[in-house]
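S.K.: My questions are about this predicted structure, shown below with the sequence.
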Amino acid sequence: MNPAPVPTHLEVLFTPADFAALSRRDLRGAVCVVFDVLRATSSMLTALDHGARGIIPVGEIAEALERKRLQPDVLLAGERDGLRISRQLTGSLDFDLGNSPREFTRAAVAGRTLVMTTTNGTRALRACAGAGAVLIGSFLNLPALTRWLTDHRPAQLFLVCSGTHEEASYEDTLGAGALCDRLWPSYTAGRIADSAAMARQLFQFAETDLLGAMIHARNGRRLLAIPELRDDVPLCLEIGAHDLIARLDPDGTVRPAAR
């Protein structure tokens, strides 16, 4: 049996401009972990842990509608500006679900395939499609992610923050920093990018009160100010709520990995 690779490179990508540039890198031997803490990756993990068969991330509303035309039994999920996509945006129908993890109940999603489009999260996933493995990252599955990455020891590990619009997001940086903190001993003999050290230090500063830290997060403040969405914020910060690894398969569908 071949020995596990020696981890050599750990890097955090903060903004959409950073992850858009991934197409110019050779990612065939790399693992990318995509974070959209508030809320796309947290909602995906919740849906899969509640029995969804898979999630097809798409970039645009029109693409989601075309998938629905070809596969009428799929559920449409997604948001624009934080709110469920409505017929005012589609011109024809309301989406079945938004982007709140509280919507992805077992009764709503078990046994179903979802087509999902969000402002940034699905775009980040698609940007990583050339990697050897693309995993879904969140506080919700942080312990499971740590175990998987410790067992598989990827030589190159990119933690991809989806960001808010075209900017970095505090909550995604904290999620990536939390994973950096747990994996730090594995990469100290290799090359750790300054971005990983920065994310780790931000997490260490905020880890005792992650909910309180959301006052520094543009998206966190916005969600907390919307009565019907504010409960999503503490829910998305629950470390280890789902003991699940999810990955983007070569066919473009996010599915649970073998436990």
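M.R.: Good, I have the coordinates.
S.K.: switch to C-alpha atoms for all contacts and neighbour counts from now on
M.R.: Noted.
S.K.: So for residue 187, what's the pLDDT?
M.R.: What the model reports as pLDDT for residue 187 is 93.
S.K.: Can you tell me the SS state at the closest residue in space to it that isn't next to it in sequence?
M.R.: Spatial nearest neighbour of residue 187, chain neighbours left out: residue 7 (5.7 Å); criterion: CA to CA, 6 or more residues apart in numbering. Following DSSP: H, G, I helix; E, B strand; the rest coil, the label given to residue 7 is coil.
S.K.: So residue 7 is in contact with residue 190, correct?
M.R.: Yes - under the criterion of CA atoms under 8 Å, residue 7 lies in contact with residue 190, with a separation of 6.6 Å.
S.K.: And these two? Which one has more around it.
M.R.: Here residue 7 and residue 190 are set side by side on neighbour count (other CA atoms under 10 Å), and the busier one is residue 7, at 19 against 14.
S.K.: I'd like to know how far that one sits from residue 138.
M.R.: For residue 7, the distance to residue 138 (CA to CA, to the nearest Å) stands at 22 Å.
S.K.: what ranges do the strands span in the stretch 1-150 of the chain?
M.R.: Along the stretch 1-150 of the chain, counting by DSSP state E, counting those that start in this stretch, strands occupy 9-13, 30-35, 54-57, 75-80, 83-84, 113-117, 133-137.
S.K.: roughly how far is the third one from the heart of the chain?
M.R.: Per CA atoms, centre = their mean, to the nearest Å, the displacement of strand 54-57 from the mean C-alpha position of its chain is 12 Å.
S.K.: So residue 105 sits against residue 47, correct?
M.R.: Yes - look at residue 105 against residue 47 with CA under 8 Å: they come within range, at 6.9 Å.
S.K.: Looking at those two, which has the bigger crowd around it?
M.R.: residue 47 (26 against 16).
S.K.: who's in contact with that one?
M.R.: 101, 104, 105, 106, 109, 110 (CA atoms under 8 Å, 6 or more residues apart in numbering).
S.K.: Give me the neighbour count for the closest residue to the last one other than its chain neighbours.
M.R.: Leaving out its chain neighbours, the residue that sits closest to residue 110 by CA to CA, 6+ apart is residue 51, at 4.1 Å. With neighbours defined by other CA under 10 Å, the count for residue 51 comes to 19.
S.K.: and residue 51, what is it in contact with?
M.R.: Applying CA under 8 Å, 6+ apart to residue 51 gives the contacts 106, 109, 110, 111, 112.
S.K.: at 10 Å what do you get?
M.R.: 104, 105, 106, 107, 108, 109, 110, 111, 112, 113, 256 (CA atoms under 10 Å, 6 or more residues apart in numbering).
S.K.: tell me which of the residues you listed is nearest to residue 167?
M.R.: The shortest gap between residue 167 and any of those belongs to residue 104, at 27.3 Å (CA to CA).
S.K.: Correct me if wrong: that closest one contacts residue 98.
M.R.: Yes - if you go by CA atoms under 10 Å, residue 104 and residue 98 touch, sitting 9.0 Å apart.
S.K.: overlap in contacts of the two?
M.R.: Taking CA under 10 Å, 6+ apart as the contact rule, the neighbours common to residue 104 and residue 98 are 43, 77.
S.K.: Quick check: the gap between the residue nearest to residue 110 and residue 129.
M.R.: Taken as CA to CA, the spacing of residue 51 relative to residue 129 amounts to 24 Å.
S.K.: shared neighbours, residue 7 and residue 190?
M.R.: A shared contact of residue 7 and residue 190, defined by CA under 10 Å, 6+ apart, is any residue touching both; here these are 155, 156.
S.K.: residue ranges with poor pLDDT in the stretch 151-259 of the chain?
M.R.: Judged by pLDDT under 70, the stretch 151-259 of the chain has its weakly predicted residues at 259.
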